[in-house]
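Enquirer: Any chance you could fold what I've pasted below:
(chains A and B)
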Amino acid sequence: MSDAIEARGLVKRFGRTTALARIDLTVRAGEVHGFLGPNGAGKTTTVRILLGLLRADAGSVSLLGGDPWRDVTELHRRLAYVPGDVNLWPGLSGGETIDLLGRLRGGLDRRRRAELLERFELDPRKKGRTYSKGNRQKVALVAALASNVDLLLLDEPTSGLDPLMAEVFQQCIVEARRAGRTVLLASHILAEVEKLADRLSIIREGKIVETGTLSDLRLLSRTRIVADLGQPPNGLARLPGVHDVEVEGSRVTCHVETDRLGPVLRHLADHGVRTLVSQPPSLEELFLRHYRTAPPAAAVGGLR
Amino acid sequence: MTALAGTGRLAALALRRDRITLLAWGLLAAGVVASTASSIRGLYTTLAERQQYAATVAADPASAVLGGPGFGLPNLGGIVVAEMGSTLLALVALAGVLLVVRHTRTEEETGRAELVGSAAVGRQARLAAALLVVGGVELAIGLATAGLLVAFRLPVAGSVAFGLAVAGTGWVFAGMAAVAAQVVEHSRTAGGSAAALFGLAFILRAVGDSSAAAHAGGPLPNLSWLSPVGWALQVRPYGGERWWVLGLLLTAAAALAAGAIVLGTRRDVGAGLIAARAGRLEARPGLSSAWALAWRLQRGGLIGWTLGVAVGAGVFGAIAHDIRDMVGANPQAARVFAELGGSGTLVDSYLAWVLGLTGIAAAAFGTGAVLRLRSEETGVRAEPVLATGVTRWTWAASHLALAGLGIVALLLTSGLVAGLVHGLREGDMGHELARIVAGALVQVPPALVLAGLAMAVFGIVPRLSGAAWLAVLAALLIGQLGGLLRLDRRLLDLSPFTHVPRVLGHAVTAAPLIWLLVVAALLAAAGLTRFRRRDLT
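Expert: Next up, the predicted model:
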């Protein structure tokens, strides 16, 4: 299968600030791709370039095989977009807004619309001005998810949703992937991305700092090992890939680069290991590794 | 008095939040009073001139529509009240409505009321604070009016009576807005219904006063007495003041305020006594294109503007017939109209001036309609639409086209209404209607130029979109004051309206109209072209 999104070397400047500094982003057709980063990292700017709302200063983008700046109509009929901050027309009811956006995209699945309204517990008869933030978000989500499109571009789609509704949203994304849709899920909610994404890209200050599957990324990171030993672990700190060794009596704590685990475990076994706890890095740790200004290992250690 | 706990603090907060707005309302009112009083003083210097004015008004029921019953004529104070009474009363009523709704229903709608309500604040404190502040502001405007009128050497008793009538009218409509804010859920509905009540009161008074002028001492009861706006003028400032009528205003205001407070105890915060009407479950089949959306978003404004322009054209058109008598013997007033509306007969100058004003109104509508694009863009409502199959060109062009069509509709309406009314009164419909409609339609190209300018600004320098309003304001000022102030020709030529040929009493020349259309088209095209290439912000 070809790639749904293929961005190479995207640069976007707003006056003197550089929002995107050579971003590469590849989203394969049919995958749920997590696009992680805190506010201001450049997620929304990237999505808006993909939509042809902004023009990149440099770099190339291919979206569903087309140029998002040039082939606006054809591409937009094949995608649905949920902005991070949904504003509705005050005088239009939620139902009208859903229908309007669906029709402007080229059609809406009526059955799916009704089903989604029920699942999201959304009253479509209220006027736009009276919806709360979470309900405005639901209106945009129903409009997007009820459309028959190939690609979903979702920018912080669960902001304002309560945990139950966020759960409903996650089910919908799972169903969308099963139906063969591609999803770009821009988010700063790690648990959501961890649960849904096949692959993910982490963006920081306008640059992609990591990209791959979660297990790929874990491989690049360090596993935390806590062991209770029969004898002092002499020489442990000298093994390649071992960091931050702390010894307290018989207890030893260290961080090990994930592809160097084998020799370390053998070393521990040789020193009479009695208990052993090994924690693979969570996405949160992966994420924080890129966002803490302190050295990565200390940051991870400091979490506990 | 726990229900009112915290009223003082909330009133102080309201004063702090609105210090600029409140000052602006006060200055606007003072400006109306001072400018009218000074110009009337200058225009009607002799008793003969004032008697001529009084005689014309007495003979003309139509002039009572705006001028009121004309008590106090032919005194100078009476003329001042007749000339500015309607404007000033509308101004204080509108100020009362907007300010009360802003501090009651809008607060609930935004959720700020809950934040305040959770503090040690009484149930009625918010409403009481709003009424206190607005009532105080209205009183200040009334006293300032009285003070200014006295400063222009008008009699003290009449000035004080009129000032209090102004304040009292403001109180009554503030009270109506307070009641409306309890009854309905949305601030816009509350403000709209209170403003509609003012419109009704104004019409009752206008009909009452003009029928009273037509059948003096006739059998018809005077409808004016059903209207708070009528009461304000029935106080008879400068014409043997009837102080007791002020009691009517005061009683009504107090009753409305008390009613609002009682109603306020019978509902939840955020809810209205009448629940908001539910919207449609599904969109109508027609709501399926950018054009349909633009129409849906613009139609309310267009209907409102059309009604406003129609009423204005009707009222001013009805007076045209009498303008000869009203200012005929006053060469200075005649000269003023010639400056405003161009040379020709007095009636033609006057009509040209009225149609010129509707042209500015149409330009204001067009500018607002185009700038809707900007508010959609900054309100992040453009983004979801432009992320669908709608192109930028279609999206922008749909609003631009509605601006253009709206301008034509507004001016056609104003020409038809003014033409019909004036034609009826002249008894020469065939002749008057056609030429007045033509006189209105020549305003289309310059109004389109200003709408095109708004499009150009939106496309090229979106951040400065608001500046398009400055062009409308400049066109208004150049048209109204340019001739009188003898401004430089080059400055006058900056306004597209300066180039409109005078249809009334002159031959039409097509060339300037075509040039204006070309300029409008170029501006719009430049804006559209640039918008298609720029970033959305």
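
Enquirer: going forward, measure contacts between C-alpha atoms and count neighbours the same way
Expert: Will do.

Enquirer: Can you pull up the residues of chain B that come close to chain A?
Expert: Within chain B, the positions near chain A by CA under 8 Å from any CA of the partner chain are B:278-284, B:287-290, B:379-381, B:383-391, B:534-536.

Enquirer: Nearest residue to the residue in the stretch 201-350 of chain B that chain A sits nearest to in space, ignoring adjacent ones along the chain?
Expert: The nearest approach of the stretch 201-350 of chain B to chain A comes at residue B:283, 4.1 Å away (CA to the nearest CA). The shortest distance from residue B:283 to any non-neighbouring residue, by CA to CA, 6 or more residues apart in numbering or on different chains, is to residue A:96 (4.1 Å).

Enquirer: repeat for residue B:475
Expert: residue B:495 (5.1 Å).

Enquirer: contacting residues for that neighbour?
Expert: Contact analysis of residue B:495 by CA atoms under 8 Å, 6 or more residues apart in numbering or on different chains lists B:474-475, B:478-479.

Enquirer: ditto for residue B:439
Expert: Counting by CA under 8 Å, 6+ apart, residue B:439 has contacts B:352, B:355, B:415, B:502-504.

Enquirer: same thing with residue B:135?
Expert: Contacts of residue B:135 (CA under 8 Å, 6+ apart): B:96, B:170-171, B:174.

Enquirer: one more time with 7 Å, if that's ok
Expert: Residues counted as contacts of residue B:135 (CA atoms under 7 Å, 6 or more residues apart in numbering or on different chains) are residue B:171.

Enquirer: any idea how far chain A is from it?
Expert: Plainly put, residue B:135 is 30 Å away from chain A if you go by CA to the nearest CA, to the nearest Å.

Enquirer: what about that residue, which SS state?
Expert: Counting by DSSP: H, G, I helix; E, B strand; the rest coil, the backbone at residue B:135 sits in helix.

Enquirer: And what about residue B:452, helix, strand or coil?
Expert: When the rule is three-state DSSP, residue B:452 gets the label helix.

Enquirer: returning to that earlier point: JSON lines for the contacts of residue B:495, including pLDDT and secondary structure?
Expert: Shown next, in JSON lines, are the contacts of residue B:495 (pLDDT from 0 to 100; DSSP: H, G, I helix; E, B strand; the rest coil):
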{"residue": "B:474", "pLDDT": "90", "secondary structure": "helix"}
{"residue": "B:475", "pLDDT": "91", "secondary structure": "helix"}
{"residue": "B:478", "pLDDT": "86", "secondary structure": "helix"}
{"residue": "B:479", "pLDDT": "83", "secondary structure": "helix"}
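
Enquirer: Can you flag the buried ones in the residues you listed?
Expert: The neighbour count (16 or more other CA atoms under 10 Å in any protein chain shown) marks B:475, B:478-479 as buried among those.

Enquirer: Just the element for residue B:208, please.
Expert: helix B:187-214 (DSSP states H and E).

Enquirer: buried ones in that helix?
Expert: Buried-residue list, helix B:187-214, by 16+ other CA under 10 Å: B:187-195, B:197-198, B:201-214.

Enquirer: same question for the next helix or strand after it, mean pLDDT?
Expert: Per DSSP H and E, helix B:187-214 leads on to helix B:228-234 as the next helix or strand towards the C-terminus. Averaging pLDDT along helix B:228-234 gives 93.

Enquirer: hang on, the earlier thing: buried subset of the residues of chain B next to chain A, written for PyMOL?
Expert: The PyMOL selection below is limited to those of the residues of chain B next to chain A classed as buried (16+ other CA under 10 Å):
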select buried, chain B and resi 279+280+281+282+283+287+288+289+290+379+380+381+383+384+385+386+387+388+389+390+391+536
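
Enquirer: Please save the CA atoms from the host helix or strand of residue A:118 in PDB.
Expert: Assessed by DSSP H and E, residue A:118 sits inside helix A:110-119. Only the C-alpha atoms of helix A:110-119 are listed here, as PDB (Å, rounded to 0.1, in the frame of the first residue of the first chain):
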ATOM      1  CA  ARG A 110     -27.300   8.700   7.600                       C
ATOM      2  CA  ARG A 111     -27.300   5.500   9.700                       C
ATOM      3  CA  ARG A 112     -23.900   6.100  11.000                       C
ATOM      4  CA  ARG A 113     -24.900   9.700  11.900                       C
ATOM      5  CA  ALA A 114     -27.800   8.500  14.000                       C
ATOM      6  CA  GLU A 115     -25.700   5.800  15.600                       C
ATOM      7  CA  LEU A 116     -22.900   8.200  16.500                       C
ATOM      8  CA  LEU A 117     -25.300  10.800  17.900                       C
ATOM      9  CA  GLU A 118     -26.600   8.100  20.200                       C
ATOM     10  CA  ARG A 119     -23.100   6.800  21.200                       C
END
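
Enquirer: hang on, the earlier thing: from the residues of chain B next to chain A, which ones fall inside helices?
Expert: B:290, B:383-386 (DSSP state H).

Enquirer: Now the helix or strand containing residue B:81: buried residues?
Expert: When elements are assigned from DSSP H and E, residue B:81 belongs to helix B:76-103. Buried residues in helix B:76-103, counted by 16+ other CA under 10 Å: B:76-103.

Enquirer: what does stretch B:3-16 give?
Expert: Buried-residue list, stretch B:3-16, by 16+ other CA under 10 Å: B:4-8, B:10-11, B:14-15.

Enquirer: Can you tell me which of those residues is closest to residue A:38?
Expert: residue B:14 (37.5 Å; CA to CA).
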